[in-house]
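Q: Sequence plus predicted model, see below.
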Amino acid sequence: MQITAPPRLNNGRVAWWVVGNDGARTLPAHIDCTHRRYRLTCAGYEELIQRSGARCEACKKPAHAEDNGRRQIPGRLQIDHDHELGMWAVRGLLCQRCNSTIDREGVGPRLAPYAAKAFYLLILARHGITNLAPAEPPFGAKVLDFAHRPWRRTPHGWVAEHNQAWHLESVVTWNFLVRNSGPHNLHPIPA
């Protein structure tokens with residue numbers, strides 16, 4: 001798969017969220033949306049909305065359904081992710097009640113069918129990825145993370161080769177990169 005560099009903002013940062021899977025700029029209306037936290041492009045977020053049919057994927061209620069005669073808080077469905085895998089592991093869209101239930105109680109029998117069809121499993125299959133923990137590349141290897149930032153492996157760990165890692169440790173682990181970006185968002189940089 002060819003990687004297309006996303007456009008840059010006026011401050012020089014990469015606007016990774018406005019590039020779809022085909023490299024085309026998509027849906028500027030989503031610039032302020034929270035889907036970016038979950039490493040979703042605008043195209044990915046639109047696919048998630050279309051997949052859900054604007055309904056909770058667990059209980060099938062519409063986003064603004066009435067519950068026991070009281071109207072739910074108006075707003076969008078919430079993006080649900082697997083907390084153990086990381087923010088990138090989006091399972092789907094849930095209403096507030098189902099999302100708080102899955103966060104509090106875990107995936108029980110009622111939510112198991114929903115969790116078995118997690119959106120991130122579809123994305124990984126599209127990329128041909130079958131292992132959630134890919135093998136760590138050799139020393140000297142370089143990868144791009146979800147935001148197209150370069151990282152280089154050293155004997156001490158992975159070192160940022162960009163100036164946008166000021167809030168991170170100076171050296172991170174491979175597990176950190178996989179958990180932060182997702183295995184489908186780590187792209188090797190040819191030597």
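A: Yep, that arrived.
Q: Number of residues surrounding His162?
A: 13 (other Cβ atoms under 10 Å). Backbone N, C-alpha and C define where each C-beta goes, glycine included.
Q: what about it, is that helix, strand or coil?
A: coil (DSSP: H, G, I helix; E, B strand; the rest coil).
Q: Now it. Nearest residue, chain neighbours left out?
A: Arg149 (4.5 Å; Cβ to Cβ, 6 or more residues apart in numbering).
Q: Give the closest residue to Val172 in space, chain neighbours not counted.
A: In space, and not counting its chain neighbours, Val172 is closest to Trp158: 5.0 Å by Cβ to Cβ, 6+ apart.
Q: For the one you found, report the pLDDT, please.
A: Predicted confidence (pLDDT) for Trp158: 94.
Q: tally of neighbours for it?
A: Count around Trp158 with other Cβ under 10 Å applied: 23.
Q: wait, is it part of a strand?
A: Yes: if the criterion is three-state DSSP, then Trp158 is within a strand.
Q: sorry, back to before: distance of the residue nearest to His162 from Asn185?
A: 11 Å (Cβ to Cβ, to the nearest Å).
Q: Pull the contacting residues for the residue nearest to Val172.
A: Contacts of Trp158 were listed using Cβ atoms under 8 Å, 6 or more residues apart in numbering, and they are 151-152, 171-174, 176-177.
Q: what's the answer for Pro138, then?
A: Arg153.
Q: go on, Gly92?
A: 48, 51-52, 57-58, 80, 114, 117-119.
Q: where does this protein have its least confident helix or strand?
A: Of all helical and strand segments in the chain, the minimum by mean pLDDT, DSSP states H and E falls on strand 70-71, at a mean of 48.
Q: for whichever helix or strand comes after that one, packing partners?
A: Next helix or strand after strand 70-71 toward the C-terminus (DSSP states H and E): strand 78-81. Packing contacts for strand 78-81, counted by 3 or more Cβ pairs under 8 Å, 6 or more residues apart in numbering; DSSP states H and E, involve strand 90-94, helix 96-105.
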